[in-house]
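Peer 1: A structural model of the following input is requested.
(2 chains)
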Protein chains: 2
Amino acid sequence: MTALEIALDVMGGDAAPRATIDGALACVRHPEPANDASGSQAHIAPERIRLVGDAEQIEALLAERGGNPGFTIQHASQVVEMGDAPAAALRKKPDSSIAGCVKAVKSGAAGALVSMGNTGACVGAATLGLGTLEGVRRPGIAVTLALAGTPVTLLDMGANIAPKPEHLAQYAAMGGVYMRACLNVEEPRVGLLNVGEEPGKGTDVLKEAHGLLSSSNLNFVGNVEGGDVFANVCDVVVTDGFTGNVVLKLLEHFAGFMMGLVTKELAATGTSFGHDSLKNIHRAIDYSSYGGALLLGVNGIVVIGHGRSDSKAVANAIALAGRALDARVNALIEAGLAPRA
Amino acid sequence: MTALEIALDVMGGDAAPRATIDGALACVRHPEPANDASGSQAHIAPERIRLVGDAEQIEALLAERGGNPGFTIQHASQVVEMGDAPAAALRKKPDSSIAGCVKAVKSGAAGALVSMGNTGACVGAATLGLGTLEGVRRPGIAVTLALAGTPVTLLDMGANIAPKPEHLAQYAAMGGVYMRACLNVEEPRVGLLNVGEEPGKGTDVLKEAHGLLSSSNLNFVGNVEGGDVFANVCDVVVTDGFTGNVVLKLLEHFAGFMMGLVTKELAATGTSFGHDSLKNIHRAIDYSSYGGALLLGVNGIVVIGHGRSDSKAVANAIALAGRALDARVNALIEAGLAPRA
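Peer 2: Numbers count the residues shown, from 1 in each chain, chains lettered A, B, ... in the order given. Next up is the predicted model:
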């Protein structure tokens, strides 16, 4: 029996604890379908949410907002700050809210954790604290972008900057399970990010990964290039964590940069975007609508949101954790990676 | 005495030979400052331009356009097509226009070559045919983006997908020479593309490169992240050719993707961009205004334009070759890399 609680790191993120508390409240107070590109339900029963952080602050904020609708509160006396060096912070702050979330999952009280805090600390705490799933060599960070209306999941986005070919093949398998189980993509097409389409392209690691993927039972479409990420040629893009991290940060900033350019040009001609237009564009380029990044391969569902997350993004992150739990993504990953008889 | 001629691969590119011939004509017919972000002169004397390709086609096109203003014409009977596998194409087509350009530089008739054709074939032909500059270990492809109005040069964009630390350090030096000599940046700030700012971040190769750059006489600002490319924190961004290639293709396609989104949203509200606005945005995100990519480190100036180049982009590429020749970039690179006494 999988634990169904979701542990929320209330203290993590630039706007914490307000944005995290409001996100949790949004999940339980608005049972209509979430207005996100996935079309999924954001509603989560309050008893499934465990708020981990400074109990006094949490209770005060909930009181301000009309009371506790039924959340479990788990006190944590410390906070890992965004600027803290991850390893040192985890060592020096054993009672941090992120460590508390990991403990809740490890003990079986919760099946998932959600944090908008220090990404490195979250990945480190979850990987060390929870261990990997049966058969998984290295966890990977998966991010789903809603570009062009079609979700595409990229991994690894930075957990493993120098992966071996087998790690990349496992990322493909895990990304495929996630797309099928949580985003209803029946036969996810898997592409390997490379500098050209031919199988002989790229580094030795990529050539070997290409061979592993070609002989796997995945729907492998071969190498894809940088521009193909937006071309709907595959549903899962597999890459090393170095390239993935650079690409993700580049996209985030480039999108903002482009919008700045466009807004400036519009202003120069006396025009401006309507609120709905801005929202549509923002949704297409932002991954908050999918709730953040999933650390796939660890023994528990781990959702890592952006530090800048607002309450809407927090609600989506909690909803994503709920979907992944309910779809039994981790059991499916273990089954998918098990040696075939 | 450096040869001052520029050999133009007339047959290279999607719109060749029309776009290439028109680009050469634009260079000699419009002596006013080029309307590009670098503010440089696009004017080149016709006797400095050597058109390499099918002589009959070249003469017919020039005749259509009012005659040959003084270009040298060098016949080449073959063409490497965009889809050809580079190595095989160079072997099977020894009299291709790109091979002819390389021969012109190798013989000393020209000091630079410009091609909008098959990038792999161009890099291969130039690297093998011209050899590297004294002291250069591996050539690198440098691309200058005009983002946010400030030029930033990224290299390597795909010549060397698995560089050693010394290669990265040399890219930094070569990129710095180029920014100083051709774009008037006095003390170019050099950043190393990485997954975090701390010196200990990234792969072993990057850690070692960080050490080499820290002890160099370059203006090294340390590691930079994906988003910093647009943040004006450095003038030269050094990366391996794998990441560079992915990033460049991603940016090209993402810019088009974003513009599509924006245009669609504007249309939905009955608005549209004026021609000037589109041009301004396009210029900021496009590297054609800087004339394309420079293959730095080979024994000759090599400018590789985009296959989609129009005559304006061809003219800018020729102008870039002229600037690099006149600024004696290669002599400065050799001097910069020479062991200090």
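Peer 1: for the rest of this, base every contact and every neighbour count on C-alpha atoms.
Peer 2: OK.
Peer 1: so A:Lys312 is in contact with A:Gly23, correct?
Peer 2: Yes: look at A:Lys312 against A:Gly23 with C-alpha atoms under 8 Å: they come within range, at 5.9 Å.
Peer 1: and A:Gly176, how many neighbours?
Peer 2: By the criterion of other C-alpha atoms under 10 Å in any protein chain shown, A:Gly176 has 26 neighbours.
Peer 1: that one reaches A:Val236, doesn't it?
Peer 2: Yes: judged on C-alpha under 8 Å, A:Gly176 makes contact with A:Val236 at a distance of 6.6 Å.
Peer 1: which one is A:Thr127 nearest to, not counting chain neighbours?
Peer 2: Residue nearest to A:Thr127 in three dimensions, not counting chain neighbours: A:Val298, with 6.1 Å by C-alpha to C-alpha, 6 or more residues apart in numbering or on different chains.
Peer 1: for beta bridges, what are the partners of the one you found?
Peer 2: Here A:Val298 sits in beta bridges with A:Thr132, going by DSSP bridges.
Peer 1: what distance do you get for it to chain B?
Peer 2: To chain B, A:Val298 is 22 Å away according to C-alpha to the nearest C-alpha, to the nearest Å.
Peer 1: need the contact list for that residue.
Peer 2: Each residue near A:Val298 by C-alpha atoms under 8 Å, 6 or more residues apart in numbering or on different chains is listed here: A:Ala126, A:Thr127, A:Leu130, A:Gly131, A:Thr132, A:Leu133, A:Pro139.
Peer 1: the closest residue to the last one other than its chain neighbours: how many residues sit nearby?
Peer 2: With C-alpha to C-alpha, 6+ apart as the measure, A:Gly297 is the residue that lies nearest to A:Pro139, at 4.4 Å, once sequence neighbours are left out. Each residue near A:Gly297 was counted by other C-alpha under 10 Å, and the total is 27.
Peer 1: isn't A:Asn310 right up against A:Ile21?
Peer 2: Actually, residue A:310 is Asp rather than Asn. No: contact status for A:Asp310 versus A:Ile21: not in contact, 10.3 Å apart, counting by C-alpha under 8 Å.
Peer 1: what is the subsequent helix or strand relative to the worst-scoring helix or strand of chain A on mean pLDDT?
Peer 2: Lowest mean confidence among the helices and strands of chain A (mean pLDDT, DSSP states H and E): helix A:275-285, at a mean of 71. As assigned by DSSP states H and E, the chain's next helix or strand after helix A:275-285 is strand A:293-296.
Peer 1: contacts only, for the residue most central in space within chain A.
Peer 2: Central residue of chain A (C-alpha atoms, centre = their mean): A:Ala293, 1.3 Å from the mean position. Each residue near A:Ala293 by C-alpha under 8 Å, 6+ apart is listed here: A:Ile141, A:Ala142, A:Val143, A:Thr144, A:Val303, A:Ile304, A:Gly305.
Peer 1: let's see it at 10 Å
Peer 2: A:114-116, A:119, A:140-145, A:153-155, A:157, A:287, A:302-306, A:317, A:320 (C-alpha atoms under 10 Å, 6 or more residues apart in numbering or on different chains).
Peer 1: which among those residues end up buried?
Peer 2: For these, a neighbour count by 16 or more other C-alpha atoms under 10 Å in any protein chain shown gives the buried set as A:114-116, A:119, A:140-145, A:153-155, A:157, A:287, A:302-306, A:317, A:320.
Peer 1: among those residues, which lie within helices?
Peer 2: A:Thr119, A:Ala317, A:Leu320 (DSSP state H).
Peer 1: ok, so of the residues you listed, who is nearest B:Gly202?
Peer 2: A:Thr119 (15.8 Å; C-alpha to C-alpha).
Peer 1: isn't that closest one right up against A:Gly305?
Peer 2: Yes: judged on C-alpha atoms under 10 Å, A:Thr119 makes contact with A:Gly305 at a distance of 8.2 Å.
Peer 1: and the strands in chain A?
Peer 2: A:6-9, A:49-53, A:72-75, A:112-115, A:140-145, A:152-155, A:189-193, A:219-224, A:236-238, A:293-296, A:301-304 (DSSP state E).
Peer 1: got any ranges where the stretch 1-150 of chain A has weak pLDDT?
Peer 2: Applying pLDDT under 70 to the stretch 1-150 of chain A picks out residues A:1-3, A:30-42, A:148.
Peer 1: which neighbours do A:Lys312 and A:Gly23 share?
Peer 2: A:Ile318.
Peer 1: generate CSV for the ones in helices among the buried ones among the contacts of A:Ala293, with distance to chain B as supplementary columns.
Peer 2: Listed next are those as CSV, based on distance: C-alpha to the nearest C-alpha, whole Å:
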residue, distance to chain B
A:Thr119, 12
A:Ala317, 23
A:Leu320, 26
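Peer 1: and which of the residues you listed is nearest to A:Glu5?
Peer 2: Nearest to A:Glu5 out of those is A:Leu320 (C-alpha to C-alpha; 12.9 Å).
Peer 1: avg pLDDT for the longest helix seen in chain A?
Peer 2: Longest helix in chain A, counting residues (DSSP H): helix A:241-268. Here helix A:241-268 scores 84 as its mean pLDDT.
Peer 1: quick one: buried residues of it?
Peer 2: For helix A:241-268, by 16+ other C-alpha under 10 Å, it's A:241-251, A:253-255, A:257-259, A:261-262, A:264-266.
Peer 1: what angle separates it from helix B:241-268?
Peer 2: With axes from the mean of the first three to the mean of the last three C-alpha atoms, to 10 degrees defining the directions, helix A:241-268 sits at 30 degrees from helix B:241-268.
Peer 1: ok so, going back, and the angle for the least confident helix or strand of chain A with helix A:241-268?
Peer 2: Using the same axes, to 10 degrees: helix A:275-285 against helix A:241-268 is 160 degrees.
Peer 1: then helix A:275-285 to CSV, C-alphas only?
Peer 2: The C-alpha coordinates for helix A:275-285 follow below in CSV (Å, rounded to 0.1, in the frame of the first residue of the first chain):
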residue,chain,number,x,y,z
HIS,A,275,-3.8,40.3,-20.1
ASP,A,276,-5.1,37.1,-21.7
SER,A,277,-2.5,37.2,-24.5
LEU,A,278,0.3,37.6,-22.0
LYS,A,279,-1.1,34.7,-20.0
ASN,A,280,-1.3,32.4,-23.0
ILE,A,281,2.2,33.2,-24.1
HIS,A,282,3.5,32.8,-20.5
ARG,A,283,1.8,29.4,-20.2
ALA,A,284,3.3,28.1,-23.4
ILE,A,285,6.8,28.9,-22.3
